[in-house]
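> got a predicted model here, sequence first, then my questions.
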Amino acid sequence: MSTDLAEVNHSIQRKKLLHAGKLHSVHWLILSLSIILTIAAWYFSNDQVEQKVKERFKREATQVIELVKDRMTLYEQALWGAVAFNHANDNKIDNVQWKKYADSLHIDKTYPGINGIGIISNIKPEQLNDYLKKERVNRADYAIHPQHEQFEHWPITYIEPVSTNKKAIGLDMAFETNRYMGIKKARDSGLAQLTGPITLVQDDKKTPGFLFYAPFYDGGTLHKSVEARQENIIGVSYAPFIMRKLISGTLAIENRLVSLKISDQGEALYDDANNNTSSNIDKNPLFYDEVNVDFYGRVWRFNIDSNLAFRQASESFQPTIILLSGIFIDLLILGLFLFLTRANRQALRYADEMTGELRTKTKRLEKSNQDLEQFAYIASHDLKSPLNAIKKLVGWLKDDCIDILPESSLKHIALLENRSERMSNLLNDLLNYARIDKFDYQPETVELSTTADDILSLLDNGENVSLVTAKGEVNFPRVPMEIILRNLISNVIKHHDKDIINIIMSYSTIGNMHCISIQDDGPGILPELFNKALEMFQTLKSRDKVEGSGMGLALVQKIVLHYEGQLTIESDGIRGTKIIIKLPIQVKPNLIGVQNE
């Protein structure tokens with residue numbers, strides 16, 4: 001019947017191969033869908049590239065603004081640090097002390113883009129003579145300039161480095177509107193403030209710049225009212241900036257993908273086009289943005305364009321590559337279909353040739369299985385029968401001659417008994433091993449603790465064993481489970497080297513598996529011998545010292561693997577061994593088990 005079924009299956013498969021040897025509408029449908037997907041992928045990729053380029057410009061624009069913000073925050077901290085230094089010296093510093101402080105800041109490295117750092121004093125008319133007298137102690141030529149009509153003076157008292165800011169020393173901020181308005185806003189608000197665009201007197205190129213002020217007051221604290229702040233103002237720490245130097249130190253053009261223009265109330269502060277970067281200006285930028293940002297009392301307008309470097313960095317051939325790749329893949333699919341149809345026709349011819357060979361090999365395999373079963377029968381009857389006769393003869397010989405034979409002969413008889421018993425056990429274990437997969441067992445409820453105790457009571461030397469068992473019920477074929485537990489427990493007893501044997505059996509479930517472990521305190525197994533311990537006829541001690549066939553763990557391993565489980569050995573090789581068995585909770589229907597003999 002099985003042969004007829006195989007013939008039917010063969011005929012069905014042959015028809016499928018014949019059908020697969022031709023191009024059909026499904027092949028053309030797949031090819032058409034592939035072309036449609038190629039076009040869709042190209043369109044989607046093109047759209048994604050455009051979105052990514054737009055997002056990249058937004059990131060670049062945002063980063064430019066944030067870098068300027070961060071740099072201005074850094075400069076503000078420097079100004080407040082100068083205020084703190086002045087307060088720490090009771091507002092009585094001189095130009096020598098200021099130079100030492102400024103040198104300690106390492107301005108050129110710590111604050112790139114800043115033109116210097118200094119102190120501006122607020123001098124009332126009645127304070128002017130004392131002020132000039134004090135400052136001319138170390139600088140005889142110190143003077144306030146230029147003349148103006150304001151009632152008070154705001155001269156630059158100290159500025160470092162002097163070498164690049166000499167023209168600014170003594171410059172009175174009250175002489176010019178933007179400088180004066182900025183310093184009054186800082187005084188009245190108690191906050192760091194910027195001036196509007198100015199031209200620094202120390203800038204030979206006369207390019208746009210600005211001043212940055214941080215006020216300090218008598219008493220070292222911020223007074224609550226504007227009137228109190230106006231009354232107690234002592235001066236401001238300040239930093240002059242040439243805008244092109246600030247941007248160069250903050251936003252090096254070679255690191256940017258955008259062009260920048262900054263203005264303050266319509267008055268230009270900075271423009272890349274005027275600072276030797278015109279070669280990178282894109283006359284038709286891909287993207288443009290305009291952002292107004294509040295900076296310490298001023299509103300700076302950032303006009304940001306993508307530049308030529310951005311255009312080059314944003315070029316993407318991905319959509320074109322996807323389109324060409326898709327077309328190439330479509331051609332490959334067509335070639336594959338043609339190849340497969342041809343291959344199927346060749347496979348059909350080859351299958352016809354192999355069918356005859358497979359039938360021959362099948363017959364040989366069936367003959368081998370029959371020979372194996374015949375061997376099991378011979379081992380069970382023809383070998384065991386004479387072996388049992390030998391055991392009886394040895395027993396009779398021992399009974400008849402025990403009183404007359406010398407001690408050496410009695411030892412030989414005992415050795416013969418031992419070898420006969422070992423041979424009998426070996427045949428039984430070999431039969432059990434060979435008969436795995438030959439019997440059907442239905443799952444049933446097995447109580448592990450009770451089963452283990454029953455097994456222990458039937459084993460030799462069981463009275464010397466302390467067995468701690470975990471209570472647990474498993475739904476599993478009983479006979480295979482008993483064989484597993486009997487072999488694991490007896491294995492511990494056979495190989496133990498102490499009078500009292502301690503065994504701990506644990507049970508748990510892990511996922512969809514039963515997990516049963518047998519832990520002993522006997523000699524350990526070296527990790528490199530784990531695999532050997534699972535082989536047939538293997539014992540890790542001399543057979544004269546261990547009564548066993550060497551089939552115990554091999555038999556357990558074969559049962560566990562048959563039920564699609566797993567056996568693991570854990571040991572440090574010195575003392576104690578743990579055997580872990582994992583078996584499926586749900587045994588597959590009609591799964592063949594083992595027979596216990």
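Okay, I see it. Residues are numbered from 1 along each chain as shown.
> show me the contacts for the closest residue to Glu444 other than its chain neighbours.
Residue nearest to Glu444 in three dimensions, not counting chain neighbours: Arg478, with 5.4 Å by CB to CB, 6 or more residues apart in numbering. No exception for glycine: its C-beta is placed from N, CA and C like everyone else's. By CB atoms under 8 Å, 6 or more residues apart in numbering, Arg478 lies in contact with 441, 444, 446.
> so what does the last one look like in phi/psi?
Backbone torsions for Val446, taken as degrees, to the nearest 10, come to phi -120, psi 120.
> hang on, isn't it packed against Val474?
Yes. With contact defined as CB atoms under 8 Å, Val446 reaches Val474; the gap is 5.3 Å.
> touching both of those two, which residues are there?
Joint contacts of Val446 and Val474 (CB under 8 Å, 6+ apart) are Met481.
> circling back: mind giving me the PyMOL command for buried ones among the contacts of Arg478?
Selecting only the buried entries of these in PyMOL, with 16 or more other CB atoms under 10 Å as the criterion:
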select buried, resi 441+446
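> between the contacts of Arg478, which is nearest Lys58?
Set against Lys58, the nearest of the contacts of Arg478 by CB to CB is Val446 (68.7 Å).
> dump the residue contacts of that closest one.
Contacts of Val446 (CB under 8 Å, 6+ apart): 473-476, 478, 481-482.
> what about 7 Å?
Neighbouring residues of Val446 by CB atoms under 7 Å, 6 or more residues apart in numbering: 473-474, 476, 478, 481.
> in helices only, show me these.
If you go by DSSP state H, those have 478, 481 in helices.
> export the contacts of Val446 as JSON lines, with columns for pLDDT and distance to Gln318.
Below are the contacts of Val446 laid out as JSON lines (pLDDT from 0 to 100; distance: CB to CB, whole Å):
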{"residue": "Glu473", "pLDDT": "88", "distance to Gln318": "62"}
{"residue": "Val474", "pLDDT": "89", "distance to Gln318": "58"}
{"residue": "Phe476", "pLDDT": "88", "distance to Gln318": "58"}
{"residue": "Arg478", "pLDDT": "85", "distance to Gln318": "65"}
{"residue": "Met481", "pLDDT": "87", "distance to Gln318": "61"}
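> just the buried subset of the contacts of Val446, please.
Among the contacts of Val446, the ones that count as buried by 16+ other CB under 10 Å are 474, 476, 478, 481.
> and those, which is closest to Asp294?
Val474 (74.7 Å).
> from what I see, that closest one and His514 are in contact.
Yes. The pair Val474 / His514 is scored as a contact, 5.2 Å apart, by CB atoms under 7 Å.
> helix, strand, or coil at the residue lying farthest from the centre of the chain?
Going by CA atoms, centre = their mean, the residue of the chain most distant from its centre is Ile404, 81.3 Å out. Of the three states, Ile404 takes coil according to DSSP: H, G, I helix; E, B strand; the rest coil.
> how close does it sit to Phe476?
Distance, Ile404 to Phe476, by CB to CB, to the nearest Å: 55 Å.
> again with Leu222
From Leu222 to Phe476 the distance is 83 Å (CB to CB).
> got it, and Asp330?
According to CB to CB, Asp330 and Phe476 sit 55 Å apart.
> before we move on, what about Asp204?
Counting by CB to CB, the gap from Asp204 to Phe476 is 96 Å.
> so which of the buried ones among the contacts of Val446 comes closest to Val83?
Checking the buried ones among the contacts of Val446 against Val83 by CB to CB gives Val474 as the nearest, at 80.5 Å.
> can you give me the helices for the stretch 51-200 of the chain?
Counting by DSSP state H, counting those that start in this stretch, the segments of the stretch 51-200 of the chain that form helices are 95-105, 107-110, 128-135, 162-165, 177-189.
> out of these, nearest to Val68?
Across those, closest to Val68 is helix 107-110 (CB to CB), at 17.4 Å.
> got the angle between the helix or strand harbouring Phe44 and helix 95-105?
Here Phe44 sits within helix 25-88, counting by DSSP states H and E. Orientation check (axes from the mean of the first three to the mean of the last three CA atoms, to 10 degrees): helix 25-88 against helix 95-105 gives 160 degrees.
> now Phe151: closest residue in space, sequence neighbours ignored.
Nearest to Phe151 is Pro125, by CB to CB, 6+ apart, at 6.6 Å.
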